[in-house]
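>>> From the sequence below, what's the structure:
(one chain, ligands or ions: 1)
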Amino acid sequence: MKQALVLFFLLVMLFAAGCTASGDGSGELVVDNVWGRSSPMVAQNGAFYLTISNDSGEDEQLLSADTDACGTVELHEMYMKENDVMGMRPVPGGSIAIPSGETVELKVGGMHVMCIDKQAAFEVGDTIPIILSFSNAGEIEVTAEIRESEMGGMEMEGKMEEGGSR
Ligand SMILES: [Cu+2]
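Below is the predicted model:
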């Protein structure tokens, strides 16, 4: 009788521990709307975009991204060079902060996951697995969907939508 009670409590504790473990993991960091632009093989580089919502209760950082589809992957931001020309460069410090409770968008004209030395053409409908490394949540694998480029132009050519300046 007593043993059954002890067993019961052990099970309850195990269950509770299981809940806690899944609660402070990657479950509350939500990566959404992962996509990349279509581009032919002749284009050496590409870019991926995504939205990260951090409800984990802790500040997060996106440290890096990796995928077999690219020779090198970097986290980039767009910035204004002289003469109203947009350029891009690795994000300061090499990582992207996602403060607790906030949503950070990597989007056209802003921050992006830079794909250098593409290993294949990116065609509309293709899906590309990407591994994102976060400071707390660790590695999260997401799938980017290749979509039609909304603006036709390339990041490099600097035709950015209004509001891209600060
Ligand atoms: Cu870039």
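>>> so residue 105 makes contact with residue 51?
Yes: at 5.0 Å, residue 105 counts as touching residue 51 under the criterion of CB atoms under 8 Å. Backbone N, C-alpha and C define where each C-beta goes, glycine included.
>>> Check whether the residue nearest to the spatial centre of the chain sits in a helix, strand or coil.
Nearest to the mean C-alpha position of the chain, counting by CA atoms, centre = their mean, stands residue 50 at 5.2 Å. The three-state label given to residue 50 by DSSP: H, G, I helix; E, B strand; the rest coil is strand.
>>> How about the residues of this protein by the ion?
Contact residues, the chain versus the ion (CB under 5 Å from the ion): 76, 88, 114.
>>> In contact with residue 128, which residues are there?
By CB atoms under 8 Å, 6 or more residues apart in numbering, the contact set of residue 128 is 36, 48, 67, 69, 122, 143, 144, 146.
>>> Just give the nearest non-adjacent residue to the fourth one, would you?
Take residue 69 and drop its neighbours on the chain: the residue closest to it by CB to CB, 6 or more residues apart in numbering is residue 128, 4.8 Å away.
>>> helix or strand right after the lowest-mean-pLDDT helix or strand in the chain?
Lowest by mean pLDDT, DSSP states H and E among the helices and strands of the chain is helix 2-23, with a mean of 51. For helix 2-23, the following helix or strand on the C-terminal side (DSSP states H and E) is strand 29-37.
>>> Check which residues of that next one are buried.
Under the neighbour-count criterion of 16 or more other CB atoms under 10 Å, strand 29-37 has 29, 31, 34, 35, 36, 37 buried.
>>> remind me which residues of this structure are low pLDDT?
Residue ranges of the chain with pLDDT under 70: 1-27, 150-166.
>>> now the strands for the protein?
29-37, 46-54, 60-66, 70-80, 86-90, 96-98, 103-106, 112-118, 127-134, 138-147 (DSSP state E).
>>> chain center to the longest one, what's the gap?
Right, the one you point to is strand 70-80. Between the centre of strand 70-80 and the centre of its chain there are 12 Å (CA atoms, centre = their mean, to the nearest Å).
>>> Now do the buried residues in that strand.
Applying 16+ other CB under 10 Å to strand 70-80 flags 70, 73, 74, 75, 76, 77, 78 as buried.
>>> Parallel or antiparallel, list what pairs with that strand.
strand 86-90 (antiparallel), strand 112-118 (antiparallel) (DSSP bridges).
>>> How about the shortest one?
Strand partners for strand 96-98, identified by DSSP bridges, are recorded as strand 60-66 (antiparallel).
>>> Perfect, that will be all.
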